[in-house]
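Quick one: sequence and predicted model below, then my questions.
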Amino acid sequence: QVQLVESGGGSVQSGGSPRLSCAASGYTGNRHYMAWFRQAPGKEREGVAAIDSDGTARYGDSVKGRFIISRDNAKNTLNLQMNSLKPEDTAMYYCAADGVSLGITTYNYWGQGTQVTVSS
């Protein structure tokens, strides 16, 4: 059974730099991407960043140049370094596995999410 458990969320001031982590267990999917998505209240879930097993990363337009995704294949962990946070980055952040790039409908496994709240 695949489990994805996110950590690192919380309340942070604008301009802060928190780091999210996702611990994956039981993951043996054939597709190699892992990703972060987010969903703000009243909005659709959107792609934040995705990374394949070789380390090639894709970013959503709203976070390019501010967020950095990384993964440790040996430890089965996925990370998201968030820099220069803005209030509009406030959302529930979800870890996802076994999908393709930032294609939200392609992912088979999802974590429960971790809330990030950015105050101005």
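Here it is on my side, so go on.

Let's check: the centremost residue of the chain is which one?
In the chain, the centroid-proximal residue (Cα atoms, centre = their mean) is Trp36; its distance is 2.1 Å.

the longest strand in this protein is where?
Determined from DSSP state E, the single longest strand within the chain is strand 91-99.

what packs against that strand?
Contacts of strand 91-99 with other secondary structure elements, assessed using 3 or more Cβ pairs under 8 Å, 6 or more residues apart in numbering; DSSP states H and E, are made with strand 3-7, strand 19-25, strand 33-39, strand 77-82, strand 109-110, strand 114-119. All C-beta spots, glycine's among them, are computed from the backbone N, C-alpha and C.

residue ranges with poor pLDDT in the chain?
28-31 (pLDDT under 70).

Recalculate using a threshold of 50.
Applying pLDDT under 50 to the chain picks out residues 30.
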